[in-house]
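Visitor: just to be clear, the model below is a prediction. Sequence and coordinates:
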Amino acid sequence: MSDEAGAEDVELEARLEEQAEFEPPESFVEQANVSDPEIYEEFDETWPNCWRAAAELLDWEDDYDQVLDDSNPPFYEWFTGGSLNASTNCLDRHLEERGDEAAVEWVGEPTDEANRTYTYEELHREVNEFAAALRDIGVEEDDVVTMYMPMIPELPIAMLACARIGAPHSVVFAGFSADALATRMNSADSEYLVTCDGYYRRGDALDHLDKANEGLESVEHDVESVVVDRLGDELEHSLAPNQHDYEELVTEHAGATVEPVDRDAEDMLFLMYTSGTTGQPKGVKHTTGGYLSWAAWTSQAVLDIKPEDTYFCTADIGWITGHSYIVYGPLALGTTTTMYEGTPDHPERDRLWEIVEDLEVTQLYTAPTAIRAFMKWGSEYPDAHDLSSLRLLGTVGEPINPRAWKWYYKYIGGEECPIVDTWWQTETGGMMVTTLPGVKNMKPGSAGPPLPGLDVEIVDTNGDQVEPGRAGYLTVQKPWPGMLRTLYQNDERYIEEYWEEYSDTDSDDPEDWVYFPEDGAKIDEDGYITVLGRVDDVLNVSGHRLGTMEIESAIVGVEGVAEAAVVGGEHELKGEAVYTYVITEDGYEGDDALRQRITESIEDAIGPIARPEEIVFTPELPKTRSGKIMRRLLEDIANEAELGDTSTLRNPDVVEEIRTKVQD
Ligand code: ATP
Ligand code: MG
């Protein structure tokens, strides 16, 4: 880098650092799917009928009679009387106009392997053939089919094949253990499994079928499975009698067409078990009409997806983000959705930027944890590629601190792409709180206002709204089409987990029912919501409630810090004390000078009350496979307690390493 460019860079950094609010770029607004600010008022006035707008994005077999049936809260029903098929909506209806356009663009991890492009025509054919195959092995309407697969094209094909025949799917993230698979199959009484021999991860061919088979040993009933051969000669397996080779099955049904099964709007489309970072896995039930219209509407309004786009979400389909925003939303809108098998740093740290350049990706949707890694690696990786095709950026999964937001904005978006920071959960089906990118200004660190038609309030423990700027609990006061309908075969736990806290559970008036996602948040004078993290992520230091997220944000704002996690450790006087774990950026030392700057930054941002008891520098943080920091373990370390379960960690070794440092 020349000195001049260096100076410009510093100036730009300084300018960005100051800036707290960003307007959507004019060029974006001009072409945005939603650009009329009136939408907020309009939706409020017409609620719940405003959600006809979402239903209208779909093709219905039978029209619905009622938008919302709220006669039995919290068991709400949407678009009742209507019927449709999700695979028809994602495939058949696009054939005439877009049959030859790419539906799925799949990028394998090995760089010498050609991309696999499926046009709508081809995807439709594959889905039909596999739907016929599933029927052939016995799958009937309403049977739950489990999928335990990595990011290979057969995963969305299998999901859509299930949707076609009205069999709900339950996708289990491929990185989960054999036990996790068995628990979920037992819980859902699932007698069918689609899996594969293995897959590539950072250049290695990983065995997957052994793990699947191990899981099957603990399943309490008989299971028919289908096995995709991803690795060919790299990995040989023999199949048991009730295991079918995917390719053989599909070849037997070459050219088959399967009439899509007419599904009631309220029929289950899929089950998704939440990752379980906070307890026993919960089988979240999503429906055909409400969920699909929610996925489609938010994809259109927030991700600004148009049919001619090449859209790229880096999540795994094993998470809800992949369900809603790799598969159902984008395909319902007839666009090209990108799937990448590998990790962003294989073979080099510019792999994603290479994909964006090659495919001319128009929207990129990723997670703060990835953005912080990119930031740590440095801007030379994105700088080496032409990213000018990008029009919009998104993040999801956890709060994004302003510094990472601005890095993303500048180095990936070239200051020309709006960023949507989208708050939502498995249970909400799709996005809930975020800016409409063609309408609202962005405030780094704040997800934004609730989407139009949503009634979100930040309340105190009594359920009363808190003043702007004060920490409280995020609640949703009115139902929405994409919401979960219940926990699979457990209505009681559904009420307990999500409603009891703020509802009058004896009432049948929907006004008395409030959905509680268990996240803390605060709201500003403009109605922008900053999500502070899970409520158990709020510390109580000498009677002051401090969000771990606010403290983390202050730490990550310090030059030289790449990532930070804050937890509470028991403290004799204060009740709880602030423990911080910090990863430095490449080229920075974790020394006392940096400790000093971190402490100052926290005191400036929050006050001396939040001054950390201990600052530990560590090369890594314990993370779940979905990329969430496992604070529970860091708390155990701070409290010198027995370490809890580490089996769902991506990097279990790091825990011991950190513990040694704390004890030093
Ligand atoms: P489990 O419910 O099993 O503990 P999980 O909550 O990690 O797992 P998800 O449904 O994938 O599973 O995650 C949703 C949670 O992620 C939200 O409740 C919130 O805490 C966090 N989250 C998601 N998006 C954002 C965002 N944009 N800003 C802040 N937090 C977010
Ligand atoms: Mg959750």
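Guide: Received, thanks. Ligands and ions are numbered 1, 2, ... in the order given.
Visitor: can you tell me the closest non-neighbouring residue to the closest residue to ligand 1 within the stretch 51-200 of the chain?
Guide: Taking C-beta to the nearest ligand atom, ligand 1 has its nearest neighbour within the stretch 51-200 of the chain at residue 173, 10.6 Å off. For the C-beta atoms, the positions are set from N, CA and C on the backbone; glycine is no exception. Computed as C-beta to C-beta, 6 or more residues apart in numbering, the closest residue to residue 173 that is not its neighbour in sequence is residue 318, at 3.1 Å.
Visitor: what's near enough to touch that neighbour?
Guide: Contact partners of residue 318, counting by C-beta atoms under 8 Å, 6 or more residues apart in numbering, are 149, 171, 172, 173, 174, 175, 176.
Visitor: do the same with residue 598
Guide: 555, 558, 561, 580, 582, 612, 615.
Visitor: apply 10 Å and report the result again.
Guide: Residues counted as contacts of residue 598 (C-beta atoms under 10 Å, 6 or more residues apart in numbering) are 551, 554-558, 560-561, 564, 580, 582, 590, 612, 615, 617.
Visitor: quick check: residues of the chain near ligand 1?
Guide: When proximity is defined by C-beta under 6 Å from any ligand atom, the chain lies next to ligand 1 at 274-278, 319-320, 396-399, 421-426, 447, 517, 519, 531, 533-534, 626, 628.
Visitor: of the residues you listed, which belong to helices?
Guide: residue 320 (DSSP state H).
Visitor: about what we covered before: where's the residue of the stretch 51-200 of the chain closest to ligand 1, which helix or strand?
Guide: Using DSSP states H and E, residue 173 maps to neither a helix nor a strand.
Visitor: so what's the residue count around it?
Guide: 20 (other C-beta atoms under 10 Å).
Visitor: residue 26 now?
Guide: Neighbours of residue 26 (other C-beta under 10 Å): 8.
Visitor: check contacts around it.
Guide: Residue 26 neighbours (C-beta under 10 Å, 6+ apart): residue 416.
Visitor: how close does it get to ligand 1?
Guide: 26 Å (C-beta to the nearest ligand atom, to the nearest Å).
Visitor: what subset of the residues of the chain next to ligand 1 is buried?
Guide: The neighbour count (16 or more other C-beta atoms under 10 Å) marks 274-275, 319-320, 396-399, 421-426, 447, 517, 519, 531, 533-534, 626, 628 as buried among these.
Visitor: in strands only, show me those residues.
Guide: 396, 421, 422, 519, 531, 533, 534 (DSSP state E).
Visitor: tell me the pLDDT at the second one?
Guide: Reported pLDDT at residue 421 in the predicted model: 98.
Visitor: which strand residues bridge it?
Guide: residue 395 (DSSP bridges).
Visitor: correct me if wrong: it contacts residue 432.
Guide: No: the pair residue 421 / residue 432 is not scored as a contact, 11.8 Å apart, by C-beta atoms under 10 Å.
Visitor: which residues do these two both contact?
Guide: residue 447.
Visitor: element containing residue 388, please.
Guide: Residue 388 belongs to no helix or strand when elements are defined using DSSP H and E.
Visitor: next one: it from ligand 1, what distance?
Guide: Applying C-beta to the nearest ligand atom to residue 388 and ligand 1 gives a distance of 26 Å.
Visitor: grab the nearest non-local neighbour of that residue.
Guide: Ranked by C-beta to C-beta, 6+ apart and with sequence neighbours excluded, the top spatial neighbour of residue 388 is residue 414, at 6.9 Å.
Visitor: tell me, how many residues neighbour that neighbour?
Guide: Neighbours of residue 414 using other C-beta under 10 Å come to 12.
Visitor: list the contacts of it.
Guide: 382, 387, 388, 390.
Visitor: packing partners for the one helix or strand the first one maps to?
Guide: Meaning residue 382. Assigned by DSSP H and E, residue 382 belongs to helix 380-383. Counting contacts by 3 or more C-beta pairs under 10 Å, 6 or more residues apart in numbering; DSSP states H and E, helix 380-383 packs against helix 351-359.
Visitor: partner strands of the next helix or strand after the helix it packs on, parallel or antiparallel?
Guide: Next helix or strand after helix 351-359 toward the C-terminus (DSSP H and E): strand 363-366. Take DSSP bridges as the rule and strand 363-366 pairs in its sheet with strand 310-313 (parallel), strand 392-396 (parallel).
Visitor: tell me the mean pLDDT for the helix or strand just after the last one?
Guide: This points to strand 392-396. Beyond strand 392-396 in the direction of the C-terminus, DSSP H and E gives the next helix or strand as helix 402-407. Mean pLDDT, computed over helix 402-407, is 94.
Visitor: please apply the same query to stretch 457-471.
Guide: 91.
Visitor: and it, end to end?
Guide: 12 Å (C-alpha to C-alpha, to the nearest Å).
Visitor: same check on stretch 271-281?
Guide: 12 Å.
Visitor: and stretch 509-529, by the same measure?
Guide: Span of stretch 509-529 from end to end, C-alpha to C-alpha: 27 Å.
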